[in-house]
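In: any chance you could fold what I've pasted below:
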Amino acid sequence: MLVCTHKKRLQRLFIGAVTLITASTFAAEKPWNNEQLSFDARTDALISAMTLDEKISQLSDESPAIERLGVPKYNWWNEALHGVARNGKATIFPQVIGLAATFDPELSYQMADAISSEARAKYNISQAMGNREKYTGLTFWSPNINIFRDPRWGRGQETFGESPLLTSIMADAFVRGIQGDHSKYLKAAAAAKHFGVHSGPEALRHSFDAVPTQKDLYETYLPAFEYLITKSNVAGLMCAYNAVFGEPACSSEFLLTELLKKQWQFKGYVVSDCGALYDIHHGHKQVKTPEQAAAKALNGGVSLNCGFTYNASLKQAVEQGFASEQTIDERLKELYLIRFRLGFFDGAEANPYNAIPASVINSPEHLALAKEVATKSIVLLKNNNHVLPLDKNIKVPYVTGPFAASSDVLMANYYGISGNMVTILEGIANKVSQGSALNYRMGALPFNDNKNPKNWAPFVAKTADAVIAVVGISADMEGEEVDAIASEHKGDRVDLKLPQNQINYVKQLAENKKGPLVLVVASGSPVALGELYDLADAVVQVWYPGEQGGNAVADVLFGDANPSGHLPLTFPHSVEQLPPYEDYRMQGRTYKFMEQEPLFPFGFGLSYAEFEYRDLKITQNDSSYRVSFEVLNVSKRAGSDVAQLYLTPINPSDEEAKFHLKGFKRLQVEAGDATRHEFVVPHSALTRMTKKGESVALAGQYRLHVANALPIQRSLELGAAKPISQVIEFTH
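Out: Numbering: from 1, shown residues only. As a prediction, the model looks like this:
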């Protein structure tokens, strides 16, 4: 018995020794699989083992396997703007513009953390079944941090709005949620887009040249990119289709070399927007051949080509002397460092993110989070005579409108798939009493006149105790050039009004209504309501609220939740208030420069509670200003508000913004309570940009405001709290 046991031990030792020898031999032959080496050393070893053809094959979004080296196939293209997109079942969170309306960075982090957990779980399952196709990977080309400078831009819905500060803070939280906090591994890899100056027109994006002023470039368009690179350590960056100052963004030495590599010390990877390298010679006509375009992008700093230009033309570019294998190695290293940091070449047990279970996908916790984001994103724009919230025991509620029963309006663009979609009609049906005689008729088509001239739907309003009309647009009307199939302008809007047939229908409802008319507006951009604002008793902006949108809207309409969203961009009265769309100068745009009174100002949002701001105190030390204030809830209902800190120059120069947003804070105040809050503004943030794009310290007198909307008269007229303010003087 002892002899047998001894033999078994010897056998186990022998097998273990052979295993160690085999593993060490394997690691010696393929050192990139040696987990004891640094990612840097492993990447260098792997690249040095590749042929030129193999290297070039790895520089495109569809990177094939290199079987002799043990390198699996990988597809880089994946999307996660507001949930894992285009890859089956996943939680559909509200569109990003709605997330921005929460003014809640912690919520942005939680949402992105949930998205990346689902992404990891789905990736693990896909790997196990051998699925390495598009949208199954962990490299997400999100977030979109372009500035929503013009409300006509169809893709503005994907952004965090018009404020560089709000965009930077919310996107920073989003990136941290996507990428995780492990010291060695990435949970997933985020890539900010579209670098560096991009916001339409969609129809011209393959040949358009964006020409901002130097001041606007550094004050408005670049800050969020700089923040995510220098503070958030974002893994990737997507360069835009359009040119900037005459150079295509994906081959711009100024953008990709001077700014990214030299000034900001970016160490991640750069991916072209899909087909953008083709545009260098075909759309922008900057070079004569595809080979020159490939070389120009490679030399400029594009690591990954989403498209075919590198595969088709880069080898010839090397042979013709336009590009070198050394530069290819540099770009390839930028890519493979990401793959190593994602744990693709390590054992499953080494990376804790590999243990994320499938049960997180569309889990009850994530559905609850989706509902929370949607609820906090809803902006109450009007509430005459406190008609909202409605009573759940209402006898005859009437829900109508083209989007009341629509799931499309919940999803926005770049969405996943879920079996838990709750339309606004369904949310209301689940909310009101079983004794309520809830009625529904669509009443109007989304974008076109009804074919049947007879329509009884407006007359149902005669018998209703309240009419809830769900109107707006959808991602079929506004969005990306290739996706907005109902748009006649390739996804952009030329008019900010509702479709005329919807306007006509709402007017009919107003003519026939017995009780209050509540407009629920779904859109990813400003809607100019015109006369409908006066006809409605209440107006609620719900954006594209995700799969739990119906429940969130119902909670707000019937008082189980208090609306607390605030506008992340200005709503003009009409396009006539806007400069030409193609003009990238900021003068006349956004809360910073708009001269005319808007329909709804930036930062505006009402509540069922009523807040009073008071007792402003400002102190300073060697490093910062401390701005403290008190918020009193003078109502009988608890509520959340968004305090905003602005500076306005007393004697502004022609070049200076009218308003500088320097901070924001979401806060909760119980009924009848007063709470004290504080902004800390470092001296380094008290700057402005000159016409030359140079940052200079603020000097002279400024009025400091703490408010819950842009501190202008229009905000007060709409019901915002009275701002508190004090003049301060800055000296060099």
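
In: below-threshold pLDDT in the protein: ranges please.
Out: Along the chain, segments meeting pLDDT under 70 span 1-28, 732.

In: can you show me the strands along the stretch 301-450 of the chain?
Out: 379-383, 397-400, 439-441 (DSSP state E, counting those that start in this stretch).

In: could you check how far the nearest residue in space to residue 311 that is not next to it in sequence is from residue 36?
Out: Once flanking residues are discounted, residue 311 sits nearest to residue 60: 5.2 Å by Cβ to Cβ, 6 or more residues apart in numbering. In this view, the C-beta of every residue, glycine as well, is placed from N, C-alpha and C. The gap separating residue 60 from residue 36 is 31 Å, by Cβ to Cβ, to the nearest Å.

In: among the two, which residue is more densely surrounded?
Out: residue 60 (23 against 8; other Cβ atoms under 10 Å).

In: what is the more buried one paired to in the beta sheet?
Out: Note on residue 60: beta-bridge partners residue 305, judged by DSSP bridges.

In: contacts only, for it.
Out: Residue 60 makes contact with 304-308, 310-311 under the criterion Cβ atoms under 8 Å, 6 or more residues apart in numbering.

In: repeat that with 10 Å
Out: Each residue near residue 60 by Cβ atoms under 10 Å, 6 or more residues apart in numbering is listed here: 75-76, 271-272, 277, 304-312, 314.

In: now residue 552
Out: Residue 552 sits next to 94, 98, 370-378, 422, 424, 427, 542, 545-546, 560-561 when contact means Cβ under 10 Å, 6+ apart.

In: got a list of what the spatially closest residue to it that is not a sequence neighbour touches?
Out: Leaving out its chain neighbours, the residue that sits closest to residue 552 by Cβ to Cβ, 6+ apart is residue 374, at 3.6 Å. By Cβ under 10 Å, 6+ apart, the contact list for residue 374 reads 93-95, 98-99, 102, 410, 422, 542-553, 555-556, 561, 565.

In: okay, and which of these map to helices?
Out: Taking DSSP state H as the definition of helices, the contacts of residue 374 contribute 98-99, 410, 549-553, 555-556.

In: among those residues, name the buried ones.
Out: 98-99, 410, 549-553, 555-556 (16 or more other Cβ atoms under 10 Å).

In: would a markdown table of those residues with distance to residue 350 be doable?
Out: Formatted as a markdown table, those follow (distance: Cβ to Cβ, whole Å):
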| residue | distance to residue 350 |
| --- | --- |
| 98 | 38 |
| 99 | 33 |
| 410 | 39 |
| 549 | 40 |
| 550 | 43 |
| 551 | 40 |
| 552 | 40 |
| 553 | 45 |
| 555 | 43 |
| 556 | 46 |
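
In: which one of those residues sits closest to residue 621?
Out: Nearest to residue 621 out of these is residue 99 (Cβ to Cβ; 34.3 Å).

In: in this structure residue 509 contacts residue 469, no?
Out: Yes - the criterion here is Cβ atoms under 10 Å, and residue 509 meets it with residue 469 at 5.8 Å.

In: next, show the common contact partners of the two.
Out: Common neighbours of residue 509 and residue 469 (Cβ under 10 Å, 6+ apart) are 398, 400-401, 443-444, 461, 517, 519, 532, 536.

In: so which of those is the most crowded?
Out: residue 401 leads the shared contacts of residue 509 and residue 469 on contacts (other Cβ under 10 Å) with 30 neighbours.

In: hang on, the earlier thing: of the contacts of residue 552, grab the buried ones for ChimeraX.
Out: Selecting only the buried entries of those in ChimeraX, with 16+ other Cβ under 10 Å as the criterion:
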select :94,98,370,371,372,373,374,375,376,377,378,422,424,427,542,545,546,561
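
In: Serialize the strands of the stretch 301-450 of the chain to JSON lines and add fields for distance to residue 606.
Out: Putting these into JSON lines (distance: least, Cβ to Cβ, whole Å) gives the following:
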{"stretch": "strand 379-383", "distance to residue 606": "4"}
{"stretch": "strand 397-400", "distance to residue 606": "22"}
{"stretch": "strand 439-441", "distance to residue 606": "27"}
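
In: closest to residue 168 out of the ones you listed?
Out: Of all the strands of the stretch 301-450 of the chain, it is strand 379-383 that lies closest to residue 168, at 21.4 Å by Cβ to Cβ.

In: so what touches the closest one?
Out: 98, 101-102, 388-389, 516, 518-519, 521, 529, 533-534, 536-543, 556, 562-568, 571, 599-600, 604-608, 718-719.

In: so how far is residue 60 from residue 648?
Out: Counting by Cβ to Cβ, the gap from residue 648 to residue 60 is 50 Å.

In: equivalent analysis for residue 108, please.
Out: For residue 108, the distance to residue 60 - Cβ to Cβ - is 32 Å.

In: go on, residue 66?
Out: For residue 66, the distance to residue 60 - Cβ to Cβ - is 14 Å.

In: cool, residue 561 as well?
Out: From residue 561 to residue 60 the distance is 47 Å (Cβ to Cβ).

In: equivalent analysis for residue 105, please.
Out: 35 Å.

In: and what of residue 321?
Out: 22 Å.

In: and residue 205, by the same measure?
Out: From residue 205 over to residue 60 (counting by Cβ to Cβ), the distance is 21 Å.

In: what of residue 104?
Out: 38 Å.

In: same deal with residue 30?
Out: 23 Å.

In: got it, and residue 553?
Out: Counting by Cβ to Cβ, the gap from residue 553 to residue 60 is 43 Å.

In: please apply the same query to residue 75.
Out: According to Cβ to Cβ, residue 75 stands 10 Å off from residue 60.

In: just residue 655 next, same as before
Out: Distance of residue 655 to residue 60, given as Cβ to Cβ: 44 Å.

In: and residue 238, what element?
Out: strand 236-239 (DSSP states H and E).

In: which strands and helices sit next to that strand?
Out: Here strand 236-239 touches strand 189-195, helix 223-230, strand 269-272, helix 276-282, helix 325-341, going by 3 or more Cβ pairs under 10 Å, 6 or more residues apart in numbering; DSSP states H and E.

In: so what's the residue lying closest to residue 145 once chain neighbours are set aside up against?
Out: Spatial nearest neighbour of residue 145, chain neighbours left out: residue 224 (4.3 Å); criterion: Cβ to Cβ, 6+ apart. Taking Cβ under 10 Å, 6+ apart as the criterion, residue 224 is in contact with 143, 145-147, 159-160, 163-172, 192, 196, 232.

In: got the contact list for the closest residue in space to residue 588 that isn't next to it in sequence?
Out: Leaving aside its chain neighbours, residue 588 sits nearest to residue 579 (4.7 Å; criterion: Cβ to Cβ, 6+ apart). The contact partners of residue 579, by Cβ under 10 Å, 6+ apart, come to 149-150, 585-589, 593-594.
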